[in-house]
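Asker: Requesting a structural model of the entry that follows:
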Amino acid sequence: MRLTITLQRFNPEQDAAPHDEQIRLDVRRGTTVLDLLIRIKNEVDGSLALRYSCRSAICGSCAMDINGGEKLACRTSVRKEYARHGRLRIAPLRRFPVIKDLVADMGPFWSKIRNITPWLSTSAFAGHRSDGTAESLPESTESRYHNVDACIMCGACVAACTVHEVSPGFAGPAALAKADRFLSDPRESERVKRARLEVLQEAHGIWDCTRCNYCVEVCPKDVKPMEAIIRLRRASLDHRLAPTAGARHITAFADLIEGQGRLNEAVMPLKVVGPDVSRFLQVLPLGIRMFFKGKVPNPMAHRLAGLSQIQAIFRRGRRPPVA
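Answerer: Numbering: from 1, shown residues only. Modelled structure (predicted):
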């Protein structure tokens, strides 16, 4: 089958901006996008730049933007892409600087990984027993990591992240998932884990995630980074770390439901802004509009029927599990 392939090309030594280039080739059944790119480089244009290594969806090197989605070229079928989209356009990962053609600069990605200290703390764990032999994890702890340790560092989740699009300083799904992996490691002390969580409370940390779920959709290894971020948030609340508006939003929501049986949209913004007077003045016009729209519950109204059952659910949720 003869197909038209659209490649994004960019040579910083010659081009002012990236541009599309079309190539027509006969494609055999079973051809992957990586197979096609290697063939183009070998038979059509040797100047085409791309990055790949294992060809087995293990190294993550060949992550690219294929028809507008972040995918591994080595496991993406050309025919399936054509059947689904009616075209084949290949570009480097979005939201990363481009070195040349399909090669993205992964420096920003690796800096995010380094920022979360992706190793066990030497102050908490020496790595060896007293007899000098290396210590290994018992098999029963493998499920603690929720498959986060399957990450191949391809960068697809960061390229798809909507928060990273508007805020490049955001730690990103891959780094935060990696942080969750170390938080789950039984070899680190609670003191070290709390220190990890305290760092993640800062700007561009766990509370910046908008839960768009794109990182989960594009991950080729089913790591589910967003779920890892949710676990980090829960751990932060368990450690009484709630200095940000995002944390206060969660705790305020739960407190209002438990106390009143429903969401009080007049009180909720006040709980989120906390003692910050300037932010209170910012939300005050919103509160006035809510009042005239009937969104402010009557403080003199009777308690909702069934409130005691709702509160019982909260008490049961706080009860420690039976050993």
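
Asker: Am I right that L3 sits in a strand?
Answerer: Yes - the assignment for L3 is a strand, going by DSSP: H, G, I helix; E, B strand; the rest coil.

Asker: Report pLDDT for it.
Answerer: According to the prediction, L3 has pLDDT 91.

Asker: which residues touch the nearest residue to it once chain neighbours are set aside?
Answerer: Distances taken as C-beta to C-beta, 6 or more residues apart in numbering place V27 nearest to L3, at 5.2 Å, with adjacent residues excluded. C-beta coordinates here come from the backbone N, C-alpha and C atoms, glycine included. Residues near V27 by C-beta atoms under 8 Å, 6 or more residues apart in numbering: 1-3, 36, 78-79.

Asker: most surrounded residue in those residues?
Answerer: V78 (24 neighbours; other C-beta atoms under 10 Å).

Asker: Can you tell me how far the residue nearest to that residue when sequence neighbours are not counted is from K80?
Answerer: Sequence neighbours aside, T31 is the residue nearest to V78 in space, at 4.8 Å (criterion: C-beta to C-beta, 6+ apart). Distance of T31 to K80, given as C-beta to C-beta, to the nearest Å: 11 Å.

Asker: And A242, by the same measure?
Answerer: Per C-beta to C-beta, A242 is found 46 Å from K80.

Asker: Neighbour count: these two, which is higher?
Answerer: A242 (19 against 10).

Asker: which SSE is the more buried one in?
Answerer: Using DSSP states H and E, A242 is not contained in any helix or strand.

Asker: quick one: the strands in the stretch 1-150 of the chain?
Answerer: Assigned by DSSP state E, counting those that start in this stretch, the strands in the stretch 1-150 of the chain fall at 2-9, 19-26, 63-66, 69-72, 89-91, 98-100, 103-104.

Asker: and of the ones you listed, who's closest to K224?
Answerer: K224 sits nearest to strand 69-72 of all those, at 15.2 Å, using C-beta to C-beta.

Asker: Return the list of strands paired to the closest one, each annotated with direction.
Answerer: strand 63-66 (antiparallel) (DSSP bridges).

Asker: Would you mind checking the average pLDDT for the strand it pairs with?
Answerer: On average, the pLDDT along strand 63-66 is 98.

Asker: got any ranges where the chain has weak pLDDT?
Answerer: Under the criterion pLDDT under 70, the flagged ranges of the chain are 122-143, 319-323.

Asker: Do I have it right that L200 meets S236?
Answerer: Yes - if you go by C-beta atoms under 8 Å, L200 and S236 touch, sitting 7.2 Å apart.

Asker: show me what contacts P297?
Answerer: P297 neighbours (C-beta under 8 Å, 6+ apart): 260, 262, 264-266.

Asker: Go through these and name the one nearest P220.
Answerer: P220 lies nearest to E265 out of the contacts of P297, by C-beta to C-beta, at 40.7 Å.

Asker: what's the distance between the spatially closest residue to the closest one that is not a sequence neighbour and Q311?
Answerer: Using C-beta to C-beta, 6+ apart and skipping residues adjacent in sequence, the residue nearest E265 is K295, 5.0 Å away. K295 sits 24 Å away from Q311, going by C-beta to C-beta.

Asker: likewise S111?
Answerer: Noted for S111: a distance of 46 Å to Q311, by C-beta to C-beta.

Asker: Comparing the two, which residue is more hemmed in?
Answerer: Ranked by neighbour count (other C-beta under 10 Å), S111 and Q311 place Q311 first, with 14 against 10.

Asker: Look at the more buried one and give its secondary structure.
Answerer: Assignment for Q311 (three-state DSSP): helix.

Asker: Now do the shared contacts for L200 and S236.
Answerer: By C-beta under 8 Å, 6+ apart, the residues touching both L200 and S236 are I206.

Asker: who touches the one residue sitting closest to the centre of the chain in this structure?
Answerer: Taking C-alpha atoms, centre = their mean, the centroid of the chain lies closest to P173, which sits 2.3 Å from it. With contact taken as C-beta under 8 Å, 6+ apart, P173 is in contact with 157-158, 161, 209, 215, 225-226, 228-229.

Asker: same thing with P118?
Answerer: Going by C-beta under 8 Å, 6+ apart, P118 touches 175, 178-179, 182.

Asker: same check, this time on I257
Answerer: 263, 310, 314.

Asker: Sticking with the last one, tell me its helix or strand.
Answerer: Secondary structure from DSSP H and E places F314 in helix 307-318.

Asker: Mind giving me the packing neighbours of that helix?
Answerer: helix 245-260 (3 or more C-beta pairs under 8 Å, 6 or more residues apart in numbering; DSSP states H and E).
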